[in-house]
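Novice: sequence first, predicted coordinates after that:
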Amino acid sequence: MSINQSAINLLNQLHSVVDQFTRESFSKPIDTLSNSSIGQHVRHTLEFFICLMDSATDQVINYDNRKHDPYLEKDPQLAKDIIESAQNFLDETREDYPLTMVANYEIDSDQESSIPSSYLRELAYNIEHTIHHMALIKVGIKTDFPEVVLPEHFGVASSTVRFQKSQNA
């Protein structure tokens with residue numbers, strides 16, 4: 001399985017969960033998530049994929065310049081549409097290409113760093129980032145939305161799943 005397919009499968013899991021939310025529940029602040037919502041975590045995750053898709057145009061990726069779109073974090077249908085767009089992009093983009101990742105890791109400075117990278121490296125980063133936020137989403141779901149059905153291994157890294165399976169063999 002290609003890394004692109006792994007990301008598509010991960011987004012399928014996210015889509016199946018988002019599909020179970022109403023607008024109200026999607027944007028409900030959750031105490032165990034420091035009053036952030038499922039929608040905010042989904043929005044944050046998807047905006048990283050949007051940055052990756054945008055990088056195909058100018059070969060620059062800057063996660064700091066996300067939109068923080070309030071509509072995306074409140075509208076599960078919009079989130080599902082963006083998931084599908086990302087999946088289509090991943091299905092069509094198979095070749096690696098060089099990128100420059102631009103980021104500012106300072107709090108009190110506008111100093112940006114330019115770091116050589118590539119599409120596949122950033123896709124790997126997006127996969128890890130998505131799993132991390134899916135794990136947080138799972139915590140919020142278990143505390144506030146126990147009726148939501150989670151896919152097996154939702155929010156668990158593939159290396160962890162393989163390790164757990166090896167321990168049960």
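Specialist: Good, I have the coordinates.
Novice: show me where the protein has its strands.
Specialist: Remark: strands assigned in the chain by DSSP state E are 60-61, 98-103, 113-118.
Novice: just say which of these is most tucked in.
Specialist: Mean neighbours per residue, mean count of other Cβ atoms under 10 Å, is largest over the strands of the chain for strand 60-61, with a mean of 20. C-beta here means a position set from N, CA and C on the backbone, and glycine is covered the same way.
Novice: outside of it, which residues touch it?
Specialist: 51-52, 54-55, 99-102, 117, 122 (Cβ atoms under 8 Å, 6 or more residues apart in numbering).
Novice: kindly report the same for stretch 6-15.
Specialist: Stretch 6-15 has contacts (Cβ under 8 Å, 6+ apart) with 1, 42, 45, 49, 80, 83-84, 86-87, 90-91, 123, 126-127, 130-131, 134, 151, 153-154, 158.
Novice: measure how far that stretch is from the centre of its chain, please.
Specialist: In terms of Cα atoms, centre = their mean, to the nearest Å, the centre of stretch 6-15 is set 9 Å apart from its chain centre.
Novice: with stretch 112-121 instead?
Specialist: 18 Å.
Novice: for that stretch, the averaged confidence score.
Specialist: Stretch 112-121 carries an average pLDDT of 96.
Novice: just stretch 21-31 next, same as before
Specialist: 97.
Novice: among the strands of the chain, which comes closest to Val17?
Specialist: strand 60-61 (26.0 Å; Cβ to Cβ).
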